[in-house]
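**Q** Here's a sequence, model it:
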Amino acid sequence: WAARIGTNEIVRIGSDWSVQTFPIAGLPVANAFYVGDISSDGVMYFYGPYATEIYRVDLDPASATYLQMLPTLTTEATNLTDWAFSPVDGNLYGMTNNENNAASFHLYRFDPATGARTDLGVVSGGGIQAAANITFGASYMDSEGSLYLSNNETGNIYRIASPHMGGIISTFV
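**A** Here you go, the predicted structure:
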């Protein structure tokens, strides 16, 4: 699933590479949602860099609100380019990109019920801060709740063990 830029549509790509689009009433057309993940209960959370709202669409076919917008959540503007749901605590985790300023490399936890953002600290270790102006365009979690971040420019992948327990030290994978 993904948001289709410049439309109010979401896209589902099947295992056979077939593409289906679905217009979603209330989903803003002008927003570029680079950030998204789906919760264990089938709700997709969309976010754009520096936005103050998190958009949600119900993707559970058994739900009465299937393919409908759910109420948006208010959050603090953050420069994220991806986030991931933790299978351990159900929260969203994302790290800011390197902007060569004090906001760089902060790991944040977002509450999917309220949108509240918690700053867990600055991620370091494994050479994650080595390059200037880098973007981490893919984030994902393993079954133990370790967060993986992929650097768009180098392809390097970094692992942060147990962010749900305050872990902010990365290891180059």
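**Q** so how far is the helix or strand of the chain with the lowest mean pLDDT from its chain's centroid?
**A** Here the helix or strand of the chain ranked lowest by mean pLDDT, DSSP states H and E is strand 2-3, holding a mean of 91. Per Cα atoms, centre = their mean, to the nearest Å, the displacement of strand 2-3 from the mean C-alpha position of its chain is 12 Å.
**Q** can you offset everything so residue one is 729?
**A** With 729 as the first residue, the last one maps to strand 730-731.
**Q** From the rest of the structure, what touches that strand?
**A** 737-739, 741, 755, 759, 761, 764, 774 (Cβ atoms under 8 Å, 6 or more residues apart in numbering). Using the backbone N, CA and C atoms, a C-beta is placed for each residue, glycine as well.
**Q** pretty sure L877 contacts I888?
**A** Yes. The criterion here is Cβ atoms under 8 Å, and L877 meets it with I888 at 7.2 Å.
**Q** Now do the shared contacts for these two.
**A** Common neighbours of L877 and I888 (Cβ under 8 Å, 6+ apart) are 823, 898.
**Q** Now for the contacts of strand 730-731: which two are most distant?
**A** Farthest apart among the contacts of strand 730-731 by Cβ to Cβ are I741 and N759. That separation is 20.3 Å.
**Q** So for these two, which residue has more residues nearby?
**A** Just comparing I741 and N759: by other Cβ atoms under 10 Å the higher neighbour count belongs to N759, 17 against 11.
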